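J.: Quick one, structure for this:
(chains A and B)
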Amino acid sequence: GAVVSQHPSRVICKSGTSVKIECRSLDFQATTMFWYRQFPKKSLMLMATSNEGSKATYEQGVEKDKFLINHASLTLSTLTVTSAHPEDSSFYICSAQGAGNSPLHFGNGTRLTVT
Amino acid sequence: AQSVTQPDIHITVSEGASLELRCNYSYGATPYLFWYVQSPGQGLQLLLKYFSGDTLVQGIKGFEAEFKRSQSSFNLRKPSVHWSDAAEYFCAVGPLGGYQKVTFGIGTKLQVIP
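T.: Predicted coordinates for the structure are as follows:
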């Protein structure tokens, strides 16, 4: 089946630094990739949608200058949390979709802790 | 706006017992409905979906769900739970058009005791 690799699985960084999270589709071409944030005891919140080669579309309330998304190829999307603060600590999950109305395939998530 | 309610945040069942996880949705038209499972530290895996047709849908791992329009529900069931089913389960609703713009419920954490 389709596999999405998300890296790193855990990262701890100091407040004010930037962190990059990678999401790769290993055995299919991901036309569209999605980034979510999962709060404790809350559902997944869609942050942004990215299509290869174009700017990401951010959901309302998500700061695009803080959460930089790049989808430079059909197999890789990155999320960079810039100038991270403790309130950015969360579980971030990506998903990837191939061509057409195909199912989403999720990465294993990244636990970000900002100290 | 679409929304999903999973009234049970945490459920404990004995191994071998039957399971039903509740899901109610709010959506103005015919919804697409999904159940996903998330094991600890993992991403989400699609268990099953309802787009149209037969209201009883079969999924992977022996799960099934029934769409009841009159009750705005899409409850997930399994006749006999295995220890490996312990995970968090998310119901999701989306508009016609498929998988993308779905809204997830807050999840139900399933604990299985021997």
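
J.: in the sheet, who's paired with residue 48?
T.: Here I'm looking at chain A. A:Trp35, A:Tyr58 (DSSP bridges).

J.: could you do chain B instead?
T.: B:Trp35.

J.: Name all residues that make contact with it.
T.: Residues near B:Leu48 by CB atoms under 8 Å, 6 or more residues apart in numbering or on different chains: B:Phe34, B:Trp35, B:Val57, B:Gln58, B:Gly59, B:Ile60, B:Phe63, B:Glu64, B:Ala65, B:Leu76. The way it works is simple: take the backbone N, C-alpha and C, and place the C-beta from them, glycine included.

J.: Taking the centroid of the chain, which residue is nearest it?
T.: You didn't pick a chain, so chain A it is. Residue closest to the average C-alpha location in chain A (CA atoms, centre = their mean): A:Trp35, at 3.6 Å.

J.: nope, chain B
T.: Chain B has B:Trp35 as the residue nearest its centroid, 3.4 Å off, counting by CA atoms, centre = their mean.

J.: Figure out the helix or strand that the residue nearest to A:Gly1 when sequence neighbours are not counted lives in.
T.: In space, and not counting its chain neighbours, A:Gly1 is closest to A:His105: 7.8 Å by CB to CB, 6 or more residues apart in numbering or on different chains. A:His105 belongs to strand A:104-106 when assigned by DSSP states H and E.

J.: Parallel or antiparallel, list what pairs with that strand.
T.: Note on strand A:104-106: by DSSP bridges, its sheet partners are strand A:90-97 (antiparallel).

J.: As CSV, could you dump the C-alpha coordinates of the strand it pairs with?
T.: The C-alpha trace of strand A:90-97 is given here as CSV (Å, rounded to 0.1, in the frame of the first residue of the first chain):
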residue,chain,number,x,y,z
SER,A,90,1.9,20.0,19.4
PHE,A,91,1.6,16.9,17.3
TYR,A,92,1.8,17.7,13.6
ILE,A,93,0.6,15.2,11.0
CYS,A,94,0.8,15.2,7.2
SER,A,95,-1.2,13.4,4.7
ALA,A,96,-0.7,12.9,0.9
GLN,A,97,-3.2,12.3,-1.9
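
J.: what's the neighbour count on B:Gln45?
T.: Neighbour count of B:Gln45, defined by other CB atoms under 10 Å in any protein chain shown: 17.

J.: isn't it right up against B:Trp35?
T.: No. Between B:Gln45 and B:Trp35 there is no contact under CB atoms under 8 Å: 9.9 Å.

J.: partner residues bridging the residue nearest to A:Gly1?
T.: When bridges are called by DSSP bridges, A:His105 pairs up with A:Ala96.

J.: Enumerate every residue touching it.
T.: Counting by CB under 8 Å, 6+ apart, A:His105 touches A:Gly1, A:Ala2, A:Val3, A:Val4, A:Ser25, A:Phe28, A:Ser95, A:Ala96, A:Gln97.
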